[in-house]
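[1] Below are the sequence and a predicted model for it; my questions follow.
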Amino acid sequence: MRVAVLGLGYVGCVSAACLASRGHEVIGVDVSRAKVDLVNAGRAPVVEERIGELTAEVVRTGALRATADVREAITDSEVVLVCVGTPSEPNGSLCTTYLERVTEQIGSALAEGGGRRTVVFRSTMLPGTCLNLLVPILEKYVGGTAGVDFGVAVSPEFLREGTSVRDFFDPPKTVIGEFDAASGDVVAELYDGLPGEVFRVAIPTAEAIKYADNAFHGLKIGFANELGAVCQALGVDPHQVMDVFVADRKLNISPAYLRPGFAFGGSCLPKDLRSLVHAARRADVSVPILSHVLPSNSDHLQRAVELVGRTGKRRVGLFGLSFKPGTDDLRESPLVELAERLLGKGYDLRIYDANVNLSRLLGANREYIETRLPHLAQLLAGSVDEVLGHGEVCLVGTRDPAVLSALPHGDGPVLIDLIRLPDAETRRAEPGYMGLVW
């Protein structure tokens, strides 16, 4: 394919050389004359493993050249790959100045005709940037319609500086955010043959995935460093701890716990986090990430309370109370905390949990619930139907089959889904359904 790569920084330079080495005819574009001259001389404008020899080779064979003329590059191309920078503004917001400027130039060039071209944004940008900002600019300057007169896609890069050439040829995944299927097909052809799973998704999803990746990478580094500092203060070898930690591929380095849902709780996580943070403070070790995990969890629980408030209704049903399905353990259950907050706000509450029977609660479990919900006996309902009959709004916090099968569609109480019901995608179209964070 004939590809124009706009922006010859780390991402653009590597993308241009790697695509050229895979048989595409690539023309790189940059406002910097120095970068253009370097590329045309067969030299990479960035320092990166393998990029020097790769650039020299593809320039020598004629597969890659560079220009400062955007119009010339786009006229000669089928695909326009946008790799310009998106730095932070002083207040932390995303700077889209370069994106907007180059999008205007692309639109003007496309307006001159030459058949349908596909504009692929590889720059990192927040969800909504492409559809709400860049597509309207393209349509204005082209005088046409996205998906008809030109294609649009977002293809975030997952290149680490230092190993970006290696990462290009062996990516962890390929993400194609497509405006329409034809646009996605072009990007898929561009990367055809690369290893790894390919995900074709909506454009805002593709934009968000890059941020999810980088936020989690930062969180992992911060977590390891904080834990290392605490271990060192307590006389423990942090590397030995983390060696064992990462060896657990079932719960630690895995998809476990990485699904948006309700708040966590139970007899282990909250108390152990509190103990660890307390130990860090006693040792004069600052742990801002670890110390904010429980407040973050509490804020997430509050989102459910606020959803109830938005309905304007006062009679509330709650399905589920125990910390985990199949148990009657109520200790530090987030659903108990939710019930407590709703009662504190004066809601008329009824609760159903098939596993919770006051007469069978013993020891610390009974002690806990008597402290937090002393009037639980008056709140517990004997059946699913009793709660459905009472509640103008019902919160679903359990996957009990008896509850799921009884939940109405359409008419009935407003359903606030705390667990992402199996049929959540279908229910999202119903006016009486509200997902907690989906």
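    Great, that's in hand.
[2] where in the chain is pLDDT low?
    For the chain, no stretch has pLDDT under 70.
[3] Residue ranges of each domain in it, please.
    What automatic domain parsing lists as the domains of the chain is 2-212, 296-435.
[4] so who does the residue lying closest to P260 once chain neighbours are set aside touch?
    Of all residues not flanking P260 in the chain, V437 sits nearest, at 4.8 Å (CB to CB, 6 or more residues apart in numbering). C-beta here means a position set from N, CA and C on the backbone, and glycine is covered the same way. With contact set as CB atoms under 8 Å, 6 or more residues apart in numbering, V437 has these partners: 260, 300, 303.
[5] Quick one: classify V437 as helix, strand or coil.
    coil (DSSP: H, G, I helix; E, B strand; the rest coil).
[6] And G92, by the same measure?
    Once three-state DSSP is applied, G92 turns out coil.
[7] since we're on it, how many residues are nearby?
    The number of residues packed near G92 is 6, by other CB atoms under 10 Å.
[8] mind checking how far it is from A202?
    Noted for G92: a distance of 26 Å to A202, by CB to CB, to the nearest Å.
[9] What of R420?
    In terms of CB to CB, R420 sits 18 Å off from A202.
[10] between the two, who's got more neighbours?
    Neighbours per residue, other CB under 10 Å: of R420 and A202, the larger number sits with R420, 18 against 14.
[11] Can you verify that one is assigned to a strand?
    No. Secondary structure of R420 (three-state DSSP): coil, not part of a strand.
[12] quick one: it and G261 touch, right?
    Yes. Applying CB atoms under 8 Å as the test, R420 and G261 come out as touching, 6.2 Å apart.
[13] Grab the nearest non-local neighbour of T205.
    Leaving aside its chain neighbours, T205 sits nearest to G177 (6.3 Å; criterion: CB to CB, 6+ apart).
[14] Tell me the secondary structure at the one you found.
    Going by three-state DSSP: G177 is strand.
[15] and it, how many residues sit next to it?
    By the criterion of other CB under 10 Å, G177 has 29 neighbours.
[16] Now do the same contact list for it.
    130, 153-156, 201-207 are the contacts of G177 under CB under 8 Å, 6+ apart.
[17] Filter the residues you listed down to the buried ones.
    Burial by neighbour count, judged by 16 or more other CB atoms under 10 Å, picks out 130, 153-156, 201, 203-204, 206-207 from those.
[18] Mind jotting down where the strands sit in the stretch 151-300 of the chain?
    151-154, 174-178, 198-201 (DSSP state E, counting those that start in this stretch).
[19] For those strands, could you give me CSV that also reports distance to A280?
    Listed next are those as CSV, based on distance: least, CB to CB, whole Å:
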stretch, distance to A280
strand 151-154, 40
strand 174-178, 37
strand 198-201, 38
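[20] thinking again about what came up before, how close does the residue nearest to T205 sit to G218?
    Taking CB to CB, one finds G177 at 22 Å from G218.
[21] pretty sure P334 contacts G265?
    Yes. Here P334 reaches G265: they are 4.0 Å apart, a contact under CB under 8 Å.
[22] quick one: secondary structure of R350?
    strand.
[23] circling back to that earlier point, could you work out which of the domains of the chain reaches nearest to C231?
    domain 296-435 (22.6 Å; CB to CB).
[24] who does the longest helix seen in the chain touch, helix- and strand-wise?
    Longest helix of the chain, by residue count under DSSP state H: helix 203-233. Under the contact definition 3 or more CB pairs under 8 Å, 6 or more residues apart in numbering; DSSP states H and E, helix 203-233 sits against strand 151-154, strand 174-178, helix 238-247, helix 269-282, helix 288-291.
[25] In a markdown table, list the ones you listed along with distance to T398.
    Formatted as a markdown table, the helices and strands packed on helix 203-233 follow (distance: least, CB to CB, whole Å):
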| stretch | distance to T398 |
| --- | --- |
| strand 151-154 | 38 |
| strand 174-178 | 34 |
| helix 238-247 | 31 |
| helix 269-282 | 19 |
| helix 288-291 | 30 |
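[26] and the ones you listed, which is most packed in?
    Among those, the stretch with the highest mean neighbour count (mean count of other CB atoms under 10 Å) is strand 151-154, at a mean of 27.
[27] Please name the strands paired to that one in the sheet, noting orientation.
    strand 118-121 (parallel), strand 174-178 (antiparallel) (DSSP bridges).
[28] Number of residues surrounding G382?
    Using other CB under 10 Å, G382 has 8 other residues around it.
[29] Now for it: which residues touch it?
    Shown in contact with G382 (CB under 8 Å, 6+ apart): Y352.
[30] helix or strand for it, which one?
    Using DSSP states H and E, G382 sits within no helix or strand.
[31] separation between it and V356?
    Per CB to CB, G382 is found 11 Å from V356.
[32] Kindly report the same for S298.
    In this view, S298 and V356 are 23 Å apart by CB to CB.
[33] Looking at those two, which one has more neighbours?
    V356 (22 against 14).
[34] so that one touches L330, yeah?
    Yes. Using CB under 8 Å, V356 is in contact with L330, at 7.0 Å.
[35] Common neighbours of the two, please.
    321-322.
[36] still on that earlier bit, could you say which of the domains of the chain is packed most deeply?
    domain 2-212 (a mean of 19).
[37] Let's see the distance spanning that domain from one end to the other.
    Distance across domain 2-212, first residue to last, is 31 Å (CA to CA, to the nearest Å).
[38] Out of the helices and strands packed on helix 203-233, which is closest to L54?
    L54 lies closest, by CB to CB, to one member of those: strand 174-178, at 19.7 Å.
[39] Can you identify each of the helices in the stretch 301-438 of the chain by residue range?
    Taking DSSP state H, counting those that start in this stretch to define them, one finds helices in the stretch 301-438 of the chain at 334-344, 363-372, 376-379, 384-390, 401-406, 424-427.
[40] As JSON lines, those with distance to A41 would be great.
    Shown next, in JSON lines, are those (distance: least, CB to CB, whole Å):
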{"stretch": "helix 334-344", "distance to A41": "62"}
{"stretch": "helix 363-372", "distance to A41": "72"}
{"stretch": "helix 376-379", "distance to A41": "77"}
{"stretch": "helix 384-390", "distance to A41": "74"}
{"stretch": "helix 401-406", "distance to A41": "66"}
{"stretch": "helix 424-427", "distance to A41": "54"}
